[in-house]
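any chance you can model this:
(chains A and B)
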Amino acid sequence: MDVKLVNPFINATINVLETMAFIDVKAGKPYLKKDSVAVGDVTAVLGLTGVANGTISVTFEEKCILTVVSNMLGETIKEINNDIADAVGELTNMISGQARRELGEMGRVLKAAIPSVIAGKNHSIIHYTTGPKIAIPFGTDNGNFTIEVCFER
Amino acid sequence: MDTSIRVLVVDDFATMRRILKNILKQLDFKNLVEADDGTTAWEVLEEQSIDLIISDWNMPKMSGIDLLKKVRASDKYKKTPFLMVTAEAQKQNVLEAVQAGVSNYVVKPFTAEAIFEKLDKILK
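Model prediction:
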């Protein structure tokens, strides 16, 4: 997989979370993910087509997403519910949009599908393409989240 | 800025509608209506009188750009301010929206100040 496809998603993730949820986000070291078990409690998956076909996923630990969505909506959310699922989908949409803008400026145009959301302990993430899954962990003061980027070989 | 006007907020994500409505309420807009896709938005536009449309681009059924084209083709709304608030941030998207007659364009993620600045411009 072309690693140049990954960096825009890291930049976009930091920008989206800091702008919409007012939290500091630190990116950890990317790694090759071998299994399909989510590193967290709620995930949005979004398909991408264009210069390369693939998917991205964004998975939040419960504590992290409750803080993020509470900050976004200006009210305290105490459990993973429909509001959380909706917000994770929209955050993923925004991350995709920002990353695609950066990639577009590099001449790599991608189109995005509408994200789908899965929640629950130890849920699986299906990426639909057979390429390597690059996982990037992110830390905040209120828990962690991980994005996975997977493009076909 | 006249905050007594009737505003239609269109986005398929309820979270985004709530964020936008919170910002509009902070700016003292009181008459807020919402729709979760372009088709529902068009039904609202036909049934009611709307003074400002704030719409997402990428939605099921009818997209924001198709809603914009429909709005600009109608006698009732051809001059109504239309603010596109979208994650579709590539140059060709902005160009297409401008050609279709969008009043202004905000890229997600955004700050409340960015929404205020754009509304201040298009409602003057």
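
please count neighbours and contacts with C-alpha atoms only from this point.
Noted.

need the residues that contact the host helix or strand of B:Ile65.
Secondary structure from DSSP states H and E places B:Ile65 in helix B:64-72. Residues external to helix B:64-72 that are found in contact with it (C-alpha atoms under 8 Å, 6 or more residues apart in numbering or on different chains): B:37-39, B:41-42, B:55-58, B:77-79, B:82, B:84, B:97, B:100-102.

and what of stretch A:106-121?
Contacts for stretch A:106-121 (C-alpha under 8 Å, 6+ apart): A:40-52, A:85-86, A:88-90, A:92-93, A:96-97, A:100, A:103-104, B:58-59.

tell me which helix or strand comes right after the helix holding B:Ile65.
Counting by DSSP H and E, what follows helix B:64-72 is strand B:82-86.

number of residues surrounding the nearest residue to A:Thr43 once chain neighbours are set aside?
Sequence neighbours aside, A:Thr59 is the residue nearest to A:Thr43 in space, at 4.2 Å (criterion: C-alpha to C-alpha, 6 or more residues apart in numbering or on different chains). Other residues lying near A:Thr59 total 27 when counted by other C-alpha atoms under 10 Å in any protein chain shown.

look up phi and psi at A:Thr59.
When read as degrees, to the nearest 10, the backbone of A:Thr59 gives phi -120, psi 130.

beta partners of it?
Judged by DSSP bridges, the bridge partners of A:Thr59 are A:Thr43, A:Thr146.

burial measure for A:Gly47, as a count.
A:Gly47, neighbours per other C-alpha under 10 Å, totals 22.

for the one 4 residues further on, same thing?
A:Val51 is flanked by 11 other residues according to other C-alpha under 10 Å.

with B:Ser49 instead?
14.

what about it, which helix or strand?
For B:Ser49, there is no enclosing helix or strand under DSSP H and E.

give me the pLDDT value at it.
B:Ser49 is assigned 95 on the pLDDT scale.

my guess is it contacts B:Leu8. True?
No. Assessed by C-alpha atoms under 8 Å, B:Ser49 is found out of contact with B:Leu8, at 9.7 Å.

A:Leu17 touches A:Ala27, doesn't it?
No. Taking contacts as C-alpha under 8 Å, A:Leu17 lies outside contact range of A:Ala27: 11.8 Å.

distance of A:Ser96 relative to B:Lys70?
27 Å (C-alpha to C-alpha, to the nearest Å).

no wait, B:Leu52
Distance, B:Leu52 to B:Lys70, by C-alpha to C-alpha: 15 Å.
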